[in-house]
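Participant: Mind folding the following:
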Amino acid sequence: VLGWSPTGADEGGYSLSVGPVKLSDSSSVLASAADRGIKEPLVLYEYEPSPYCKKVREVCCLLDIPVLCKPCPIVEQEVPK
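Facilitator: This next block holds a predicted model:
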């Protein structure tokens with residue numbers, strides 16, 4: 001991934017522990033969400049079968065945009081008799 005690099009982890013931050021080694025990652029290409037002015041996560045009301053919701057989730061992941069996904073259940077309508 002362009003700009004990605006592993007670094008030694010700071011105490012109290014996000015890290016992956018592998019034995020005595022703690023790793024963190026960063027990107028020199030993309031600023032953090034807080035640095036870009038994103039204060040709260042985007043709320044995505046998603047309909048699972050929709051291909052558009054999947055695309056939005058993937059792009060948010062690529063752009064490092066925090067997302068809160070709220071699934072919407074399938075509503076089946078009864079056919080009037």
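Participant: Three-state assignment for Asp64, please.
Facilitator: Here Asp64 is recorded as coil under DSSP: H, G, I helix; E, B strand; the rest coil.
Participant: Count the residues that sit near it.
Facilitator: For Asp64, the count of nearby residues is 13 (other CB atoms under 10 Å). Placement of C-beta: from N, CA and C, glycine included.
Participant: Please apply the same query to the one 3 residues further on.
Facilitator: Applying other CB under 10 Å, we find 15 other residues in the vicinity of Val67.
Participant: same check, this time on Lys55
Facilitator: Using other CB under 10 Å, Lys55 has 10 other residues around it.
Participant: and what of Lys70?
Facilitator: If you count neighbours by other CB under 10 Å, Lys70 ends up with 9.
Participant: Which residues are in contact with it?
Facilitator: Listed by CB atoms under 8 Å, 6 or more residues apart in numbering, the contact set of Lys70 reads 43-46.
Participant: Ok, Val67 next?
Facilitator: With contact taken as CB under 8 Å, 6+ apart, Val67 is in contact with 41-44, 57, 60-61.
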